[in-house]
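S.K.: quick one: sequence and predicted model below, then my questions.
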4 protein chains.
Amino acid sequence: MSDPLAGILEGNGHRLRQRVYYEDTDFSGVVYHARYLQFLERGRTDYLRCLGIHQGQMALHGDPDGLAFVVRHMDIDFKAAARMDDVLDIVTITKAITGARLMLDQKVFCEDNELINAHVTIAIVNRSGRPRRLPREIALLFEF
Amino acid sequence: MSDPLAGILEGNGHRLRQRVYYEDTDFSGVVYHARYLQFLERGRTDYLRCLGIHQGQMALHGDPDGLAFVVRHMDIDFKAAARMDDVLDIVTITKAITGARLMLDQKVFCEDNELINAHVTIAIVNRSGRPRRLPREIALLFEF
Amino acid sequence: MSDPLAGILEGNGHRLRQRVYYEDTDFSGVVYHARYLQFLERGRTDYLRCLGIHQGQMALHGDPDGLAFVVRHMDIDFKAAARMDDVLDIVTITKAITGARLMLDQKVFCEDNELINAHVTIAIVNRSGRPRRLPREIALLFEF
Amino acid sequence: MSDPLAGILEGNGHRLRQRVYYEDTDFSGVVYHARYLQFLERGRTDYLRCLGIHQGQMALHGDPDGLAFVVRHMDIDFKAAARMDDVLDIVTITKAITGARLMLDQKVFCEDNELINAHVTIAIVNRSGRPRRLPREIALLFEF
């Protein structure tokens, strides 16, 4: 890894370590529930980065007006809560690629405790928001 | 309504109007997906407020060490995207109250377009995070 | 006012009312300091909106490649802290317009308590980030 | 360093490396201005962490009802903008410690470009928000 900030590829997926800061917590004393979606998105972004897919460059692939990944569906269990100063591991696993959709399983751990379990459906769209097939050269990077 | 900021009760639920600001958008040009969870949480908070339930005062009800509402599960369809300056309506409907859980359906609209469709499970817990029954005097406020 | 969401023009400025939600607080129990900059930005955006300046449309004025307002400098006193459920008034006053810069004074109040006192310098830039004069027809809207 | 996540002490201060993610940007295409305050706060938190000061444990020091660091004043130049995927270095330097106040200079760099230059005044307060002297054993950690 030339870029330890971006986490590491492992198995059929990726692992990213991130810290909980003040900004992530709310007055209940634990991490604000919507912040976990930001941790999950950092995990997905760095998974793509480690696969060599830079979202800024997606515009160059496969479609005259560019491609982007967008979240279409999330099913999330909030199982336990993280606190200020905790170190979180965000684990992302590719479950399936089907035409214009990418199915990912994502978990957030604090040490051995599973805090979040999420099933995420990502669509590939062009700049007008129309669904597009994931280009074959990108799909192959997921080794699936 | 003495407090128009807090939205209005309607049918078996609540409606809150909120604006999209710079902070809600990302470089893709539309609202960042995790921000919808914040709009949904504003809707739930003001629904409780309009029912006369102040989350800060929940500590006084039913349990020596206080009660809180926490999100346990969310199933979210991201159907379409809002943009800077859009005015959003966050609609919250009570589906069921069963012991220690509250099931809400929430939608976000921009004019007539349904952007978000979410099924949210809320647990009632004490300060140690242990599940507790929703006190009867609070459950009755949902008129269910 | 056809749009009560956007606050009201008053004197040489604008006033916007906003609620503190969960998302705005941190585990210390009060509003996270950086969130006040978001409240201030909402105030500035709605001040412009009430003046008839829509930032999305700024691209059409005065410069082939569009204009935007960007924050260049802020001097902020954090005088007191807001809490969950508080209702805040964000007051914005135009102090000066000088060529490519707009100087605003902004305060955040909770009832009669002044929480935030900020001096904000806004630059007018084109899409390449180069400074541009504020078009005269826009400067006149500030009645200064 | 046993904890590379927390950055490193250097000279009379600290350096932390952080990535720009989707959540940090806005529809103008660059990082939303208020997000830099979150990067600065991460830098201060990890500076304290590297000095052995855990803010959660501050409650144990020097005052029966606990101590906390709060931001009292910030003077910020927004000199240039970061973009999605950029890697930022947050540099924090102690300028002075005077009784109940800590003066820090903070800069954010993207490679060699200085994006942010901030002068930050931190107050030490007890849980009631009253100013307190920084305990001598903590002040000594800043080696000043």
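M.R.: Thanks, I have the structure now. What you are looking at is a predicted structure, and each value in this text was computed from that prediction instead of being measured. Numbering: from 1, shown residues only, chains lettered A, B, ... in the order given.
S.K.: report the buried residues of the helix-or-strand element of chain A with minimal mean pLDDT.
M.R.: Ranked by mean pLDDT, DSSP states H and E, the helix or strand of chain A with the weakest confidence is helix A:136-139, at a mean of 86. Residues residue A:138 are the ones in helix A:136-139 that count as buried (16 or more other Cβ atoms under 10 Å in any protein chain shown). Just so you know, the C-beta spots here come from the backbone N, C-alpha and C atoms, and that holds for glycine as well.
S.K.: dig out what residue A:101 forms beta bridges with.
M.R.: Residues in a beta bridge with residue A:101, per DSSP bridges, are residue A:98, residue A:123.
S.K.: just give the number of residues close to it.
M.R.: A count of nearby residues for residue A:101, using other Cβ atoms under 10 Å in any protein chain shown, gives 16.
S.K.: kindly report the same for residue A:75.
M.R.: 14.
S.K.: that one reaches residue A:119, doesn't it?
M.R.: Yes. Between residue A:75 and residue A:119 there is a contact at 4.5 Å, judged by Cβ atoms under 8 Å.
S.K.: which stretches of chain A form strands?
M.R.: A:8-10, A:13-19, A:67-78, A:87-98, A:101-110, A:113-126 (DSSP state E).
S.K.: nearest to residue C:27, out of the ones you listed?
M.R.: Of all these, strand A:13-19 sits nearest to residue C:27, with 14.1 Å by Cβ to Cβ.
S.K.: ok so, going back, let me have the strands of chain A in TSV, adding mean pLDDT and distance to residue C:108 as columns.
M.R.: Shown next, in TSV, are those (pLDDT from 0 to 100; distance: least, Cβ to Cβ, whole Å):
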stretch	mean pLDDT	distance to residue C:108
strand A:8-10	95	43
strand A:13-19	97	29
strand A:67-78	95	32
strand A:87-98	96	32
strand A:101-110	97	34
strand A:113-126	96	33
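S.K.: the biggest helix by length in chain A close to chain C?
M.R.: For chain A, the longest helix by residue count, based on DSSP state H, is helix A:35-50. No. On the criterion Cβ under 8 Å from any Cβ of the partner chain, helix A:35-50 is out of touch with chain C, staying 8.8 Å away.
S.K.: average pLDDT across that helix?
M.R.: Helix A:35-50 carries an average pLDDT of 97.
S.K.: tell me the contacts of the most centrally placed residue in chain A?
M.R.: With distances taken as Cα atoms, centre = their mean, residue A:44 lies nearest the centre of chain A, 2.0 Å away. Going by Cβ atoms under 8 Å, 6 or more residues apart in numbering or on different chains, residue A:44 touches A:69, A:92, A:104, A:106, A:120, A:122.
S.K.: and the nearest residue to residue A:11 once chain neighbours are set aside, how far is that from residue D:23?
M.R.: Nearest non-adjacent residue to residue A:11, counting by Cβ to Cβ, 6 or more residues apart in numbering or on different chains: residue A:93, 7.1 Å away. The spacing between residue A:93 and residue D:23, counted by Cβ to Cβ, to the nearest Å, is 22 Å.
S.K.: so which of those two has more stuff around it?
M.R.: Neighbours were counted for residue A:93 and for residue D:23 using other Cβ under 10 Å; residue D:23 has more, 20 against 16.
S.K.: just the pLDDT at the more buried one, thanks.
M.R.: 98.
S.K.: from what I can see residue A:139 touches residue A:97, true?
M.R.: Yes. Counting by Cβ under 8 Å, residue A:139 does reach residue A:97; the two are 5.4 Å apart.
S.K.: tell me the contacts of the residue nearest to residue A:11?
M.R.: A:11, A:12, A:13, A:104, A:105, A:106.
S.K.: let's see 7 Å
M.R.: Applying Cβ atoms under 7 Å, 6 or more residues apart in numbering or on different chains to residue A:93 gives the contacts A:12, A:13, A:104, A:105.
S.K.: buried subset of these as a PyMOL selection?
M.R.: To isolate the buried subset of those in PyMOL, counting by 16+ other Cβ under 10 Å, use the following:
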select buried, chain A and resi 13+104+105
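S.K.: can I get the contacts of residue A:93 in JSON lines including distance to residue B:30?
M.R.: Formatted as JSON lines, the contacts of residue A:93 follow (distance: Cβ to Cβ, whole Å):
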{"residue": "A:12", "distance to residue B:30": "30"}
{"residue": "A:13", "distance to residue B:30": "27"}
{"residue": "A:104", "distance to residue B:30": "21"}
{"residue": "A:105", "distance to residue B:30": "25"}
